[in-house]
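*Asks:* Build me a model from this:
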Amino acid sequence: MLIRPAAALAGLAVAALALAGCSSDGSSDTAADPAPTSGVSCDYPAGGGDAAKDVDPPPATATQTGTVAATIATSAGDLHADLDADATPCTVNSFVSLAEQGYFDGTSCHRLTTGGIFVLQCGDPTGTGSGGPGYSFDDELDSLPKPDADGSIAYPAGTLAMANAGPGTNGSQFFVVYDDTRLPPAYTVFGTIDDASVAIVQKVAKAGTDDANGPGDGHPNTPVDISKVTVDN
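*Replies:* Numbers count the residues shown, from 1 in each chain. Sure thing, here's the model as predicted:
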């Protein structure tokens, strides 16, 4: 599963590959209130190949609302994120579910791009760019601005977005934008990382890539290994 700028960004200067109730028994005891939900229904059909790790699909009703704090603990430093559960409830629902099941633990960010687009891509336990959780889900793009004449929009530094292989193919892979980047409005933006976290990724980017996918596109020379993703519920 890849971010696909070359296929989607023809005409832009990008060097890259052809780039998820209580019942009453009549007693006087009061049951505890159920955990709050957003009330948004989400669909996670099987798809995208076999699961790279054994996980359950997320709840069918999004469990988060508002801004959800998350920490992506990596070998390069902790990345502190705010997830926007109001704008992208089903995406955040999936990310939180995967994090709580330990899906991201012990994985590596497998791709860094340093020319034309400036992103670090993570979330594939296989490290190949093709792994996912065994389910897919739709894009949530309503909060994105309208594209410019060239079909692109700005993804500012600090953007946290889903990678995909086309419409409705979100799974587990996500990318962090470490310098302002222009891409089509085709990638669900589900949160941001703070300035200190951006600086961590920028330091990784300065060390470059192994160019496995072409100039300025490959595995980061400075490994970024995720030990754990925690969510502040």
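*Asks:* For the residue positioned nearest the centre of the chain, which residues count as its bridge partners?
*Replies:* For the chain, the residue nearest the mean C-alpha position is F174 (2.9 Å; Cα atoms, centre = their mean). Beta-bridge pairing for F174 (DSSP bridges): C122, M162.
*Asks:* ok, now which ones touch it?
*Replies:* 95, 121-123, 160-163, 190 (Cβ atoms under 8 Å, 6 or more residues apart in numbering). Glycine gets a C-beta too; all of them are placed from N, C-alpha and C.
*Asks:* Where does pLDDT dip in this structure?
*Replies:* 1-38 (pLDDT under 70).
*Asks:* so how many other residues sit close to the closest residue to G47 other than its chain neighbours?
*Replies:* Of all residues not flanking G47 in the chain, S136 sits nearest, at 4.0 Å (Cβ to Cβ, 6 or more residues apart in numbering). Neighbour count of S136, defined by other Cβ atoms under 10 Å: 23.
*Asks:* my read: S136 touches D43, true?
*Replies:* No. Using Cβ atoms under 8 Å, S136 makes no contact with D43, being 9.3 Å away.
*Asks:* Would you map the strands across the chain?
*Replies:* For the chain, the strands defined by DSSP state E cover 67-74, 77-84, 107-108, 111-113, 119-122, 153-155, 159-162, 174-177, 181-183, 189-193, 217-218, 225-232.
*Asks:* Turn those strands into TSV, including distance to T91.
*Replies:* What follows is the strands of the chain, written out as TSV (distance: least, Cβ to Cβ, whole Å):
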stretch	distance to T91
strand 67-74	11
strand 77-84	8
strand 107-108	18
strand 111-113	20
strand 119-122	15
strand 153-155	15
strand 159-162	6
strand 174-177	9
strand 181-183	17
strand 189-193	4
strand 217-218	25
strand 225-232	13
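*Asks:* Now do the helices in this structure.
*Replies:* Using DSSP state H, the helices of the chain run over residues 5-8, 89-100, 195-206.
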